[in-house]
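Visitor: show me the folded form of this:
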Amino acid sequence: MSAPAASPLGLLLSDQVDGAYGARLDAVAAERGVALRRLPLSQAAGTLDQIDLAFFSRDLYEGSSLRKPGVLSDLFFRVADAAPRLRWLHVFSSGVDLPQYGPALQRGVRVTGSTGVTAIPIAQSAVAAILAQSRGFDHWLAAQARREWAPLTGAQRPRELQQLRVVVVGAGAIGSEIGRLLKALGLHVTVVRRSATPTPPFDRTIALAQLDEVLGSCDWLVLAVPLTEATKGLLDARRLALLPPSARIANVGRGELVDEQALCDALQAGRLRGAYLDTFVEEPLPQRSPLWELPNVWITPHNCAASQGHEERVVGSFIENFRRWLG
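Guide: Coordinates of the predicted model:
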């Protein structure tokens, strides 16, 4: 990152972060001999020409969805996009693919994400769903809702975890943590990444071009990869047909990784056993979507990263990058 100017640096941030972490940010700037001018969002409208950097924290995203900003998010980006001196924008999300980030990127502002801060809670949520569905909790919870005593017997009994084969697409922070947890529980884990370079502690590493080769023998296909031109529509009707009817999928990446209509068709026809979905093509998921009605689908509202430790990690990511930016 480029070195900051000698004049006081103007930082656009939320009122919440300013109140909770302002002194800590001042101390980081003081370590580098730099004067920091904190500009809380509620007071920033008249200081557009003083903003050099901006921090889009998680609290500002409340009430937003992937393609529809909430009140605070909308206000933040109206201010940031109008700031003529803005040079750096740090965001709470791991990726920088939200539409609101577009104007800053287009005018050459450096945009950095909080890579890895959501890996732990997202992985824990994904693994919880995988374990619960694999061990029959979908059956037991449905029976409980009917007040029905319905033990799993005979061929209905679930397999033990060490008998299951999982394919994790994506070897970034999230995919690696999912694979690590599943491997520790005894599952066979194949990780899919750009190259087939072996990646401990997983049982097998393959390149994305080899994905079709492993679909026929997997019990869970986990999507934890960013949305790019190469991954958009990755799980289409053709690839869904390669999965055995006993397989399930988990998507904690982006909705556009999956052909949702083809997925619904496969689930409704019994060509796929189940799914855990946290992300969708359209968010919030429309009430008309058949996914809501499918008993073999578990849905979380793009919320599997929810964690009481999340905000602290996001601020920590910003502070770490702030130190680098100051040089």
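Visitor: from the chain's centroid, how far away is whichever strand or helix holds Ala132?
Guide: In this assignment (DSSP states H and E), Ala132 forms part of helix 119-134. Helix 119-134 sits 13 Å away from the centroid of its parent chain (C-alpha atoms, centre = their mean, to the nearest Å).
Visitor: now that helix: average pLDDT?
Guide: On average, the pLDDT along helix 119-134 is 98.
Visitor: packing partners for that helix?
Guide: On a contact count with 3 or more C-beta pairs under 8 Å, 6 or more residues apart in numbering; DSSP states H and E, helix 119-134 meets helix 173-184, strand 220-223, strand 248-251, strand 274-277. Heads up, the C-betas are built off the backbone N, CA and C, glycines and all.
Visitor: so which of the ones you listed is nearest Phe318?
Guide: helix 173-184 (16.6 Å; C-beta to C-beta).
Visitor: in the closest one, what counts as buried?
Guide: Buried positions in helix 173-184, judged by neighbour count with 16 or more other C-beta atoms under 10 Å: Ala173, Ile174, Gly175, Ser176, Glu177, Ile178, Gly179, Arg180, Leu181, Leu182, Lys183.
Visitor: list the contacts for the last one?
Guide: Contact analysis of Lys183 by C-beta atoms under 8 Å, 6 or more residues apart in numbering lists Val189, Pro201, Phe202, Asp203.
Visitor: that one and Gln156, how far apart?
Guide: Applying C-beta to C-beta, to the nearest Å, the value for Lys183 to Gln156 is 27 Å.
Visitor: ditto for the fifth one
Guide: Plainly put, Glu177 is 32 Å away from Gln156 if you go by C-beta to C-beta.
Visitor: what do you get for the first one?
Guide: To Gln156, Ala173 is 37 Å away according to C-beta to C-beta.
Visitor: again, but for Gly253
Guide: 31 Å.
Visitor: what about the two, which has more around it?
Guide: Gly253 (26 against 10; other C-beta atoms under 10 Å).
Visitor: ok, now which ones touch the closest residue to Leu152 other than its chain neighbours?
Guide: The shortest distance from Leu152 to any non-neighbouring residue, by C-beta to C-beta, 6 or more residues apart in numbering, is to Gly136 (5.2 Å). By C-beta under 8 Å, 6+ apart, Gly136 lies in contact with Leu152, Gln156, Arg157, Pro158.
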